[in-house]
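K.L.:
need coordinates for the below:
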Amino acid sequence: MIRSMTGFASANGALAPHSWGWELRSVNGKGLDLRLRVPDWVDGLEVGLRKQLSAQIARGNISCNLRIARDENTGGLTVNAAQLDTVLEALQQIETRAMDAGVSLAPSKASDIVTMRGVLEQATTVDDVETLSKTLLAEFAVVLADFNAMRAREGAALEQVLQAQLTEVETLTTQAAALAEHRKAEMAQTLKRNLARVLENSDGMDAGRVAQELALIAVKADVTEEIDRLHAHVSAARELMGQGGAVGRKLDFLMQEFNREANTLCSKAQNTDLTRVGLALKAVIDQMREQVQNVE
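P.N.:
Numbers count the residues shown, from 1 in each chain. Coordinates of the predicted model:
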């Protein structure tokens, strides 16, 4: 099965204290162009992503974006013992001075103390970058599988269109063969008349040389080889699509050969009906070339 070069996939994940979002997309390209935007502080991540992408994708402009957020509230609260000691010592001094001055103070409560600056702190956690990297790479394998599944679905639709166009090319080529065969007798009669006319109006011209020139014209007007090659190209295109995989570049080269034969057929036609079929062939082949640009 062939695959399209266009595709998209996204996913979200989390591993406390981090959460993230993936976005993977691709468009047509002559080769493989990987553009990754991932955090550089996650060791080994970009190398691992490039390895996965290169192993499963042959052509296309690939964009991979990863955004990671860190939840700073997951660490909980801790008591700063040094700051608490400082606060308690200050409260003791205040109460002592108040008693010496004969001032009565209300007893201090724990709820009052914890609200004082620096007594409670947000606990910090040390990031396990290695585990995070492994988790991200494992999750990306799933994202990549979804991405390739979409490209395969689009490739299946592309193949249906291309197969229909190949059938049309095959039908038109068969019509061209029938018209060319029907044209042979007409061309032979025309050449004979032209030869007789030339000989009647020539004075001392070598009849054998004239016949050779007319025969050469007849050979140049023969489209048998072009028709045979068009049939062969149809078979080759179907064989390539049957192989599957990254055959887009080969199909693109084959489309150039299709177009060359159709152009030659038109230039040799010398017949209105055959020219019409040749132009129809060129139109279908041009449509095929546009579709093939999407094949990996």
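
K.L.:
just the buried residues of stretch 257-268, please?
P.N.:
Buried residues in stretch 257-268, defined by neighbour count with 16 or more other Cβ atoms under 10 Å: 257, 258, 259, 261, 262, 264, 265, 266, 268. C-beta coordinates here come from the backbone N, C-alpha and C atoms, glycine included.

K.L.:
quick check, the first one in contact with residue 230.
P.N.:
Which is residue 257. No - if you go by Cβ atoms under 8 Å, residue 257 and residue 230 don't touch, sitting 9.1 Å apart.

K.L.:
and the pLDDT at residue 105?
P.N.:
With respect to pLDDT, residue 105 scores 74.

K.L.:
spatially nearest residue to it (excluding sequence neighbours)?
P.N.:
Closest residue to residue 105 in three dimensions, ignoring its sequence neighbours and counting by Cβ to Cβ, 6 or more residues apart in numbering: residue 98, at 5.0 Å.

K.L.:
can you confirm the one you found is in a helix?
P.N.:
Yes - counting by DSSP: H, G, I helix; E, B strand; the rest coil, residue 98 is found in a helix.

K.L.:
give me the distance between it and residue 129.
P.N.:
Distance, residue 98 to residue 129, by Cβ to Cβ, to the nearest Å: 53 Å.

K.L.:
and the strands in this structure, which stretches?
P.N.:
Along the chain, counting by DSSP state E, strands occupy 7-15, 18-27, 32-37, 60-70, 77-79, 120-122.

K.L.:
how is this protein partitioned into domains?
P.N.:
7-73+135-151, 77-122, 153-292 (automatic domain parsing).

K.L.:
for residue 1, which of those domains is the nearest?
P.N.:
Distance to residue 1, taken as Cβ to Cβ, is lowest for domain 153-292 among the domains of the chain, at 4.7 Å.

K.L.:
number of nearby residues for the closest residue to residue 71 other than its chain neighbours?
P.N.:
Distance criterion Cβ to Cβ, 6+ apart; nearest residue to residue 71, sequence neighbours excluded, is residue 17 at 4.6 Å. Neighbours of residue 17 under the rule other Cβ atoms under 10 Å: 15.

K.L.:
and residue 17, backbone torsions?
P.N.:
With angles defined as degrees, to the nearest 10, residue 17 sits at phi -100, psi 20.

K.L.:
begin at 4, not 1, for the rest of this chat.
P.N.:
With 4 as the first residue, the last one maps to residue 20.

K.L.:
would you agree it is in contact with residue 72?
P.N.:
No - using Cβ under 8 Å, residue 20 is not in contact with residue 72; the gap is 9.3 Å.

K.L.:
residue 268 and residue 134, how far apart?
P.N.:
Here the criterion is Cβ to Cβ. By it, residue 268 lies 65 Å from residue 134.

K.L.:
how about residue 250?
P.N.:
The spacing between residue 250 and residue 134, counted by Cβ to Cβ, is 40 Å.

K.L.:
more neighbours: these two, which one.
P.N.:
Taking other Cβ under 10 Å, residue 250 and residue 134 do not tie; residue 250 has more neighbours (21 against 10).

K.L.:
what about the stretch 104-253 of the chain, any weak spots by pLDDT?
P.N.:
For the stretch 104-253 of the chain, the stretches flagged by pLDDT under 70 are 123-130, 187-224.

K.L.:
please enumerate the helices of it.
P.N.:
Applying DSSP state H, counting those that start in this stretch to the stretch 104-253 of the chain gives helices spanning 113-116, 132-203, 210-223, 227-246, 251-271.

K.L.:
by contact count, what packs against the second one?
P.N.:
Translated: helix 132-203. Contacts defined by 3 or more Cβ pairs under 8 Å, 6 or more residues apart in numbering; DSSP states H and E place helix 132-203 against strand 10-18, strand 21-30, helix 48-59, helix 210-223, helix 227-246, helix 275-295.

K.L.:
so what's residue 98 closest to, chain neighbours aside?
P.N.:
Sequence neighbours aside, residue 108 is the residue nearest to residue 98 in space, at 5.9 Å (criterion: Cβ to Cβ, 6+ apart).

K.L.:
check contacts around that neighbour.
P.N.:
By Cβ atoms under 8 Å, 6 or more residues apart in numbering, the residues touching residue 108 are 97, 98, 101.

K.L.:
ok, now residue 30?
P.N.:
Here residue 30 is in contact with 8, 9, 63, 64 (Cβ under 8 Å, 6+ apart).

K.L.:
same check on residue 291?
P.N.:
Going by Cβ under 8 Å, 6+ apart, residue 291 touches 165, 168, 169, 172, 258, 261.
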